[in-house]
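In: predicted model follows, preceded by the sequence.
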Amino acid sequence: MIEDLFISKCFNPLQLTTFHRDGYLSCGPLLTTKGLEKIRSQCMEAWNIYKDDFDPQKTWLENALLPNIHHHASWVRKFYFEGPLVNVAEQIIGPNIKAVTSQLTFKMKGNKMVFPWHQDNGYGELDPYNAISCLTALDDTTLQNGCLWLIPGSNKEGQKAHQQLKQNLGSTPGSELKAIAEEQGIPITMKAGECLVLSCWTLHQSGPNLSDFDRRILFFRYADADAVEVYNQRKPRLGRLLRGTTQFSEVQQFEKDL
Ligand SMILES: O=C(O)CCC(=O)C(=O)O
């Protein structure tokens with residue numbers, strides 16, 4: 001039963017105003033204890049099949065990222081396609097919604113790599129610019145184990161120039177961006193099962209995991225159903241249509257039977 005696993009969520013108007021002003025908002029817990037256990041265990045099954053132990057010679061992507069986790073874990077798929085975040089996405093983006101990214105970003109103990117300052121629209125620029133990233137903590141995230149840092153209000157500054165971050169996650173972004181970010185960034189700690197929603201323009205980073213505990217995050221991104229990839233000749237971004245309609249037939253069909 002979905003109700004045993006997921007906790008429904010609806011922002012009030014004040015919360016929505018806060019989200020649009022600050023570029024982020026905590027949803028609080030979205031997974032029950034049972035839901036958290038189920039999702040964590042399915043994610044770990046997939047992780048152990050596809051990923052090795054942390055290796056400092058490997059890139060951040062190789063060590064910490066497992067894409068398309070909804071292909072490998074049925075309860076993650078339900079959470080992604082039918083869970084409480086779909087309503088949140090509709091409140092923020094509007095009536096037409098697609099699910100455009102699901103991945104694990106697991107900073108396991110021993111992983112001391114930072115994920116440098118960036119906007120999620122810096123990796124994969126989508127237009128319209130109202131996509132959201134939703135980070136659900138599968139462990140408590142702390143200052144010691146590499147919680148997220150972000151700059152409140154940075155969403156108001158729009159699209160930033162990123163230095164080939166897609167290929168080069170281990171490097172630092174432009175020095176100006178880094179200096180501003182380090183002065184203004186705040187840490188966001190979370191309890192396992194809680195979720196943080198970010199605007200596609202909110203600058204964020206995460207630090208090294210210096211603790212003896214894993215720091216596992218389940219990452220989803222939702223976008224307007226007609227969102228296009230600016231970096232890819234404005235082709236429609238493929239993602240399962242979750243709400244409303246789209247002008248693109250390939251989106252209508254995408255992962256329809258998953
Ligand atoms: O999981 C992390 O440490 C950072 C994740 C992140 O910033 C992202 O996926 O955009």
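Out: Structure received.
In: how about whatever residue of the stretch 151-258 of the chain ends up closest to the ligand, nearest residue that isn't a chain neighbour?
Out: Per C-beta to the nearest ligand atom, the residue of the stretch 151-258 of the chain with the smallest distance to the ligand is S206, at 3.2 Å. For the C-beta atoms, the positions are set from N, CA and C on the backbone; glycine is no exception. Nearest non-adjacent residue to S206, counting by C-beta to C-beta, 6 or more residues apart in numbering: F115, 4.6 Å away.
In: stretch 222-236 near the ligand anywhere?
Out: No - judged by C-beta under 6 Å from any ligand atom, stretch 222-236 and the ligand are separated, with a smallest distance of 13.8 Å.
In: quick check: buried residues in that stretch?
Out: Buried residues in stretch 222-236, counting neighbours by 16 or more other C-beta atoms under 10 Å, are found at Y222, A223, D224, A225, D226, A227, V228, E229, V230, P236.
In: the residue of the stretch 1-150 of the chain found nearest the ligand: neighbouring residues, count only.
Out: Here the stretch 1-150 of the chain gets closest to the ligand at one residue, T105, 3.2 Å apart by C-beta to the nearest ligand atom. Using other C-beta atoms under 10 Å, T105 has 19 other residues around it.
In: what bridges to it?
Out: Per DSSP bridges, the residues bridged to T105 are L65, I217.
In: residues in contact with it?
Out: T105 sits next to A64, L65, F115, L135, I217, F219 when contact means C-beta atoms under 8 Å, 6 or more residues apart in numbering.
In: any idea which of these has the most stuff around it?
Out: Most neighbours among these, by other C-beta under 10 Å: A64, with 26 neighbours.
In: mind checking pLDDT for that residue?
Out: Listed pLDDT for A64 reads 95.
In: also N209?
Out: For N209, the predicted pLDDT is 95.
In: tell me the secondary structure at it.
Out: Using DSSP: H, G, I helix; E, B strand; the rest coil, the structure places N209 in coil.
In: for it, which non-adjacent residue is spatially closest?
Out: Take N209 and drop its neighbours on the chain: the residue closest to it by C-beta to C-beta, 6+ apart is G146, 4.1 Å away.
In: and for the one you found, the neighbour number?
Out: 28.
In: next one: the one 5 residues further on
Out: Neighbouring residues of I151 were enumerated by other C-beta under 10 Å; the total is 23.
In: now stretch 39-57: mean pLDDT?
Out: Averaged across stretch 39-57, the pLDDT comes to 95.
In: same question for stretch 130-140.
Out: For stretch 130-140, the mean pLDDT works out to 98.
In: return the set of buried residues in that stretch.
Out: Buried, per 16+ other C-beta under 10 Å, within stretch 130-140: N130, A131, I132, S133, C134, L135, T136, A137, L138, D139.
In: which residues sit in contact with the residue nearest to S206?
Out: Neighbour list for F115: W60, A64, T105, L169, Q205, S206 [criterion: C-beta under 8 Å, 6+ apart].
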